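# quick one, structure for this:
(chains A, B and C)
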Amino acid sequence: MTNVVEVKNLTHYYGSKLVFENLNFNIKEGSIFGLLGKNGTGKTTTINILNGFLKPTSGKCLMFDEDSYALTPATKSRVGFLIEGHVQYSFMSIRQIEKFYSAFYPKWKKEPYYELMSKLAVTENQKISKMSCGQRSQVALGLILAQDADLLILDDYSMGLDAGYRRLFLDYLIEYAKAETKTIFITSHIIQDLENFLDECVILDYKSVLLHAPLKSFLDDFKQFKFEVDNHNLKLEKDYVVKNFELVKNKATLYTFEKKSVIEHYLNNNGINFTKLSEVPMTLEEAFIGITGKY
Amino acid sequence: MKNILITRIILALAVILIASIYLPEIFWKITKEEGKSVSIYYSVVKDEFAFIKSDIRGAKYTDQKGNDLTREEFEEIVPLSNYRQLLASGKMPDSIKGKAIIPKEVKLNNFSLRIRPEIINYNLIQLFPLMESQSGRISLELPPDLFRITDRMEFITSLTNQIDEKKSRAFTDALLKEEFQFPAKRIYGNPSTMKPFDEGYFVIDSSNKIYHIKMIQGKPFCVKTSIPQNIQVAYILVSENELREFYSLLITKTSEVYFISYNNYQLIKLPVQDYNYQTDFLMIRGDLFNRQITYYNDNEKVKSLVTDRDYNIVDRYEENLKGNEVSYASLLAPYLFPFELSVDKNTTPMINFYFSFYDLHYLIFSVVLTIVTIIYFRKKHIDISHAVIYYAMVFITGLYGFIAIMCIRDFNNDSNI
Amino acid sequence: MLKAVVFKEWLKIRWVFIGMLLINFLVIINTYFNVSNVLKVYSANVYLVKLITYEILFFDDLMYIPLLTGILISVFQFFPEINQKRLKLTFHLPVQESKMLFQMTSIGFISLLLIFLFDTFLLSLVSLNFFPDEVFKSMIITLLPWFFTGFCGYFLITMVFIEPNWTKRVVVTLIGIGLISLFYSGSGYAKFEQSWWMFMAISSLFGVIIYVSAYNFKRGIS
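Numbering: from 1, shown residues only, chains lettered A, B, ... in the order given. This next block holds a predicted model:
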C-alpha cells in the first residue's frame, strides 16, 4: 500500500516555543487516520504544515510524494480541506458557493452537495453567513464531498457541533471512505465518536507524541488497573510501565500497556502496599483521557 | 511572481526610495538652524553698500565697514529707498550729489524687479487675458475673453466658452502681416490689473522672432521686434512702469540679462556675471542715480552690482551667505547619507525626482554597515547564494540599504508561491 | 476558473464598488454646481483668470476620494479573506497562489480603474463645458497622481491584510504612507507634468511587493 502522507522528523517552533519535535507518521492510502490530542498540542499546526500554510522549522511533509510546502495545483485538487471551524466563503449563498468551486475541480459532482443541502431547512439562496454553525458544517462537508478528493483533511470537524450534526458528519464520511482509494485525515479533541471509525491514530501531548498505533491495538493493549492503597500521598512517576497514575483518597488508577502480572510485580518492587487490584475495561474516550491525563 | 527574490529586491528598493526622501528631510528638519537674511542696499550718500541683516532677534543695520547704525541713520544714508519715511520726518535732503531732489521724480525713478527661478519654471495654463491698453479709464479691466496662439490667435469668450471669430481673425491677420509664424512658442505678459498701464504681451513665434502684441481701442497692435532671432529666451518679465524706460526684462538660456527698451525694442545688456537663472534669485532695484543688481542662490554667495544709469559698473559687493561657521549637521550629513532624494525643490514648482549627491564620505559608514549586515546574516544563519546582492545594496546605498535589509529581515528563498 | 474568481471578488466588492461610484459621482456633480454657481456670481473671465494665475483647482473636492476608494475596495475585498483566515481556502484552490493573488488584485485594480475612468469622463464634461481645452489638459495631469494614490492605497491595505507579521505591517504601512504623501506634493495644475510616468511606475512596483507579504503568509511567519 502506498503512503498518501509522509511526515518525517517534523519539528516546529513558534519563536522559541517548541510545538513538537521529531514527529513521524505515515498515512496509508485508503485508511482513516486520526491526529488526536488536547487543545494546543499542535494539531492545527500539523494541518497547516501539511497544507503548505506553514513552513516547518525542520523536517519534511510529503503529500502524494510532493513536498507539502510546494504543492502543485494538480495535487491540491486531489485534497479536500476542511478548515477548523468549518470556515467557508460566508458571503456566498448555497448555490453561489457550489457554482464557484465547481469551476476549479474537474471531477466536481454537485449531487452529493445538493443532497446534503436538501436535508437542511434552507433555500438555495440562503447566505452562508446567516446559517447556524451546524448548517455551515454541512455546507463545508458537502463541498469537499462534491470535490471528490482522494484525501480529505478535516481539521477539528467536531468544533461547535452538537451530537446530531457530529453523527451526521461521520455517517457521510463513512460512506465516502467505503471507496478503497479514499483517505481521510482527521483531527479532533472529541474522541468518543471516533471509536469505530479510525484505523490508526497519533495522540499528541504538549511537545511530544504520546502514542502512535493502530486504533485497535491501542484499545486492546492500553489498560486501566484500579487498586486501593493506605498511603494517601502516594505518587508514581510516569515511566516505561506507568503511563498515567491518579489517586483519589485511597483509590488508585494506573494506566499502562503492561499485563496484570507485570503490574503486581512493579508495585511490589516499589514497595507499595496495595489491595483489590483489578483491570477495568475502557471506552476509547476513557483510554484517551487515561493516556493524555485530565489536565 | 515566480521569484520571491525579485519581489524582495523591489521591496528593498521601495524602502530605499522612501528612506532617501524622508530621512534627510527629517534630519534637516531636526537640525535646522536659525534663519538669517541680508538685504543689500547702496548708499548714494556714502557711495558704499549698506545692509539690513535680520535673524530671529530682529534687524540690524550696518554700513559697509560693519559699523552698527540705528534704523534712522540707515534710512538717512539710503534716502531714495526710504524717501517716504524721510519726507514724513522732515529729514529728506534737498539735494544729493548736487542734484535737487523732487519727491515726484524720486518716486518715478524708483522701481524694483524680482525674479525667482521658480517663476521661470512655472507651467501655467497657456491662456491669457489681453487688456484694452487705451480704454480711457483710470484703472485697467480684465477683458471678457482669454487668448491662445496655436495655429492662429484665438480669443475664447469666458462666459460662453466660444471663440470670438471676428476678434480672432483680426489679430491673426495682424500677426500674419508681420510674418508671424504660428504657433507661438512662449507667451509672456503681466495679467494683472494692479499696474499703471498695459503693455500687452511679448510672444515668441515658432521661428524665434519676438513679437509685441497689445490691443489698442479694440484693434490689434502687433509688432515684430528687432530682437535678434538667435537670442534664446528663458524668460521675459513684463513690467509696466511709469518710467517707460524698458518694457521688460529678458533672461536668456545662457543667463544673460537684458532690458527690452522703449527705444525700438533695443536690448540693454546688464553686466551680470556668474548668474544662473535656474538656481539664482535676481533682484534689480533702480533709483534716480543707480541700478543695483543683486543675485544669490540658497547655499552660496550673494553678489550685488551697482551701475550708473548707463549700466556701467560703479561698485560691487560679494558675501558668503553661510558665513564661516559650518554647522555640525552639514558636516555630518555627507557621512550619514549617500545621497538625498526629494520630489520638490525651491527653484521650481514642478514635482520630479531631484537627486543630490554629496561625496564619497558616506562609504566609510557604508563599509561599517555592510560588515554589520554580513555579521547579521552569519548570526541568523542566513545562507543564501544571492546574499551578495544584499551586501552590494548596503554598500552602495549605505544607511538606506541597511534599513531596507532590516525591514525585510527574512531572506529565505526556499520555494515559491 | 478566472470567471469564478471574478464572480467571487465581485460578490465581495459589488456594494462598495457601486457605493464608491455613487460617491465619486456626487462629488463631481457637486463640483459641477460649484463651478456653475461661481460663474453666476463672478464674471466668467475674472474667475478664469484667477483660476489660471492663482492655480485654483476647481475639482479639488475630489483630491482624497480616489485614495478613499482604493482603501475601501481593498477592505471589502480582503477583509473577508483574512477574517478567519479564509485566504487558506483561496490558496488551497488548485491554482498557483501567486496567480490567484494576481487575478484577485487585478480585479480590484480594474474596478478602481473603471471608477477613475468614470471620474475622468465626468470631470472632462464639466471642464469642457465651462473652460477652454487647455484647462482640460492640465486637469487631466493634475488628476493622475490622485488616481495613483487610489491604486497605492489599494495595494497598501491589501498588503497590510495579507502580511502576517505585525512589525512588517508597520513597515509596509510607513512605506505606503510615505509614498502616498509624495503624490500630494506641490500645488496647482499639472505639477507632475514631467514626472507622472515615474510615479506611475513606482505605484505599479508597489503592487508587486504584495507578493512578499503573500509569501510571508504562506510560510506562516508571524
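# what number of residues lie near A:Met282?
16 (other CB atoms under 10 Å in any protein chain shown). Quick note: C-beta positions are derived from backbone N, CA and C, even for glycine.
# from chain B, which residue is nearest to chain C?
Closest residue of chain B to chain C, CB to the nearest CB: B:Ser158 (3.7 Å).
# contacting residues around that residue?
B:Pro144, B:Asp145, B:Leu146, C:Ser43, C:Ala44, C:Asn45, C:Tyr47, C:Leu48 (CB atoms under 8 Å, 6 or more residues apart in numbering or on different chains).
# can you give me the pLDDT of the residue sitting nearest the centre point of chain A?
Geometric centre of chain A, nearest residue: A:Thr187, 2.6 Å, by CA atoms, centre = their mean. Looking at A:Thr187, its pLDDT stands at 89.
# direction included, what does the helix or strand that contains it pair against?
Per DSSP states H and E, A:Thr187 falls inside strand A:183-188. Here strand A:183-188 is paired, per DSSP bridges, with strand A:32-37 (parallel), strand A:151-155 (parallel).
# return the backbone torsion pair for A:Glu84.
Phi and psi for A:Glu84, reported as degrees, to the nearest 10, are phi -50, psi 130.
# OK, contacts around it?
Contacts of A:Glu84 were listed using CB under 8 Å, 6+ apart, and they are A:Thr44, A:Ile47, A:Asp155, A:Asp156, A:Met159.
# out of the residues you listed, flag the one nearest to chain B.
Using CB to the nearest CB, the contacts of A:Glu84 come closest to chain B at A:Ile47, 18.7 Å.
# the closest one looks like it's in a strand, true?
No. Per DSSP: H, G, I helix; E, B strand; the rest coil, A:Ile47 lies outside any strand segment and is helix.
# can I get the strands paired with strand A:183-188 in JSON lines with mean pLDDT and mean neighbour count?
Output for the strands paired with strand A:183-188, formatted as JSON lines (pLDDT from 0 to 100; neighbours: other CB atoms under 10 Å in any protein chain shown):
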{"stretch": "strand A:32-37", "mean pLDDT": "90", "mean neighbour count": "24"}
{"stretch": "strand A:151-155", "mean pLDDT": "92", "mean neighbour count": "24"}
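# tell me the buried residues in stretch A:16-32?
For stretch A:16-32, burial by neighbour count (16 or more other CB atoms under 10 Å in any protein chain shown) applies to A:Val19, A:Phe20, A:Glu21, A:Leu23, A:Phe25, A:Asn26, A:Ile27, A:Glu29, A:Gly30, A:Ser31, A:Ile32.
# which ones among those residues lie within helices?
The helices, defined by DSSP state H, take in nothing from the buried residues of stretch A:16-32.
# picking up where we left off before, what would the strands paired with strand A:183-188 look like in TSV with distance to C:Gln96?
Listed next are the strands paired with strand A:183-188 as TSV, based on distance: least, CB to CB, whole Å:
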stretch	distance to C:Gln96
strand A:32-37	28
strand A:151-155	20
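# thinking again about what came up before, any idea of the pLDDT on the residue of chain B closest to chain C?
Looking at B:Ser158, the pLDDT reads 92.
# setting aside sequence neighbours, what's the nearest residue to the residue nearest to the spatial centre of chain B?
Against the mean C-alpha coordinate of chain B, by CA atoms, centre = their mean, the closest residue is B:Pro117 at 1.5 Å. Spatial nearest neighbour of B:Pro117, excluding adjacent residues (CB to CB, 6 or more residues apart in numbering or on different chains): B:Thr347 at 3.9 Å.
# picking that back up, quick check: the gap between the residue of chain B closest to chain C and chain A.
According to CB to the nearest CB, to the nearest Å, B:Ser158 and chain A sit 51 Å apart.
# likewise for B:Ile313?
Note on B:Ile313: its distance to chain A, by CB to the nearest CB, is 76 Å.
# how many neighbours does that residue have?
12.
# I figured it hits B:Lys303, correct?
No. Assessed by CB atoms under 8 Å, B:Ile313 is found out of contact with B:Lys303, at 11.7 Å.
# all strands of the stretch 151-300 of chain B, in order?
B:153-157, B:162-163, B:184-189, B:201-205, B:210-216, B:219-224, B:233-238, B:246-252, B:257-261, B:267-269, B:281-286, B:290-296 (DSSP state E, counting those that start in this stretch).
# from the contacts of A:Glu84, which would you call buried?
By neighbour count, with 16+ other CB under 10 Å, these hold A:Thr44, A:Ile47, A:Asp155, A:Asp156 as buried.
# most widely separated two among those?
Within the buried ones among the contacts of A:Glu84, A:Ile47 and A:Asp156 form the most distant pair, 8.8 Å apart (CB to CB).
# overlap in contacts, the two.
In contact with both A:Ile47 and A:Asp156: A:Glu84, A:Thr187, using CB under 8 Å, 6+ apart.
# got phi/psi on the residue nearest to the centre of chain B?
For B:Pro117, the backbone dihedrals (degrees, to the nearest 10) come out as phi -60, psi -30.
# present the contacts of B:Ser158 as CSV; the columns should include pLDDT, distance to chain A and neighbour count.
Compiled in CSV, the contacts of B:Ser158 are given as follows (pLDDT from 0 to 100; distance: CB to the nearest CB, whole Å; neighbours: other CB atoms under 10 Å in any protein chain shown):
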residue, pLDDT, distance to chain A, neighbour count
B:Pro144, 93, 57, 17
B:Asp145, 94, 57, 24
B:Leu146, 95, 53, 27
C:Ser43, 85, 54, 13
C:Ala44, 88, 50, 20
C:Asn45, 88, 54, 19
C:Tyr47, 92, 48, 20
C:Leu48, 92, 49, 28
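# need the buried residues of stretch A:16-32 in TSV with distance to C:Ala214, can you?
TSV is the format used below for these (distance: CB to CB, whole Å):
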residue	distance to C:Ala214
A:Val19	24
A:Phe20	27
A:Glu21	29
A:Leu23	27
A:Phe25	30
A:Asn26	31
A:Ile27	29
A:Glu29	32
A:Gly30	35
A:Ser31	34
A:Ile32	34
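# all strands in chain C, in order from the N-terminus.
Assigned by DSSP state E, chain C shows no strands.
# and the helices in it?
Using DSSP H, the helices of chain C run over residues C:2-41, C:44-53, C:65-82, C:87-92, C:97-130, C:133-162, C:166-183, C:196-208, C:210-219.
# turn those into a markdown table, including distance to B:Val238.
Listed next are those as a markdown table, based on distance: least, CB to CB, whole Å:
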| stretch | distance to B:Val238 |
| --- | --- |
| helix C:2-41 | 28 |
| helix C:44-53 | 14 |
| helix C:65-82 | 39 |
| helix C:87-92 | 63 |
| helix C:97-130 | 28 |
| helix C:133-162 | 20 |
| helix C:166-183 | 34 |
| helix C:196-208 | 31 |
| helix C:210-219 | 52 |
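# hmm, back to that, tell me the one of the contacts of A:Glu84 nearest C:Phe161?
The shortest approach to C:Phe161 among these belongs to A:Thr44, at 21.0 Å (CB to CB).
# tell me how far the strand or helix carrying that closest one is from the chain's mean position?
Assigned by DSSP H and E, A:Thr44 falls within helix A:43-50. Centroid displacement of helix A:43-50 relative to its chain, using CA atoms, centre = their mean, to the nearest Å, is 11 Å.
# hmm, back to that, now mean neighbour count too, for the strands of the stretch 151-300 of chain B, in TSV please.
Listed next are the strands of the stretch 151-300 of chain B as TSV, based on neighbours: other CB atoms under 10 Å in any protein chain shown:
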stretch	mean neighbour count
strand B:153-157	22
strand B:162-163	14
strand B:184-189	18
strand B:201-205	23
strand B:210-216	22
strand B:219-224	16
strand B:233-238	20
strand B:246-252	22
strand B:257-261	20
strand B:267-269	15
strand B:281-286	21
strand B:290-296	23
